[in-house]
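**Student:** one predicted model, sequence on top.
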Amino acid sequence: SGKQLQKGYSKDLKKFQEDFVVNDAMMHDFEVLSKNKGIALDTAAEYDQEKKNIKIRIKAEIARSIWGNEGWYSVVRADDNQLHKALTLFPEAEKIAGLR
């Protein structure tokens, strides 16, 4: 439950980000919940490709339930490859801006 997670991480969002893993049992629960809600999952191959993103979103939703939007964004940003690439380009952007 959320209270157990909150107690287990002592309200430590960074520890949650680093240590918490959406496991196979949670993914199974997600699949069952989806099926019960009438949400059709894609083919097995497509579902397998999206599992990583689904796990991130589940983890982010759990973080939101404990830390609010700060938790959600922290989890999503941690795995945002485009954001990480963009951050590496700031020095180059500063150089370009200085040339104009």
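**Tutor:** Great, that's in hand.
**Student:** quick one: average pLDDT of stretch 6-23?
**Tutor:** Mean pLDDT, stretch 6-23: 85.
**Student:** for it, measure first residue to last.
**Tutor:** With CA to CA, to the nearest Å as the measure, stretch 6-23 spans 18 Å from end to end.
**Student:** chain center to that stretch: distance?
**Tutor:** Remark: stretch 6-23 is offset 12 Å from the chain centroid, using CA atoms, centre = their mean, to the nearest Å.
**Student:** other residues contacting it?
**Tutor:** With CB atoms under 8 Å, 6 or more residues apart in numbering as the contact definition, stretch 6-23 has outside contacts at 5, 55, 58-59, 62-63, 66-67, 70-71, 74-75, 78. The C-beta positions use only the backbone N, C-alpha and C, and glycine is treated the same way.
**Student:** how about Val76, phi and psi?
**Tutor:** phi -70, psi -40 (degrees, to the nearest 10).
**Student:** nearest spatial neighbour of it, skipping sequence neighbours?
**Tutor:** Ala60 (5.0 Å; CB to CB, 6 or more residues apart in numbering).
**Student:** for the one you found, which residues are in contact?
**Tutor:** Contacts for Ala60 (CB under 8 Å, 6+ apart) come out as Gly71, Trp72, Tyr73, Val75, Val76.
**Student:** 7 Å instead?
**Tutor:** The neighbourhood of Ala60, defined by CB atoms under 7 Å, 6 or more residues apart in numbering, consists of Trp72, Val75, Val76.
**Student:** for Met26, same thing?
**Tutor:** Here Met26 is in contact with Ile58 (CB under 7 Å, 6+ apart).
**Student:** and the helix or strand hosting it, which residues are buried?
**Tutor:** Per DSSP states H and E: Met26 is located in helix 24-36. For helix 24-36, the neighbour count (16 or more other CB atoms under 10 Å) marks Phe30 as buried.
**Student:** just the angle between the helix or strand immediately after it in the chain and helix 24-36, please?
**Tutor:** Once helix 24-36 ends, the next helix or strand along the chain (criterion: DSSP H and E) is helix 44-67. On the basis of axes from the mean of the first three to the mean of the last three CA atoms, to 10 degrees, helix 44-67 is oriented at 100 degrees to helix 24-36.
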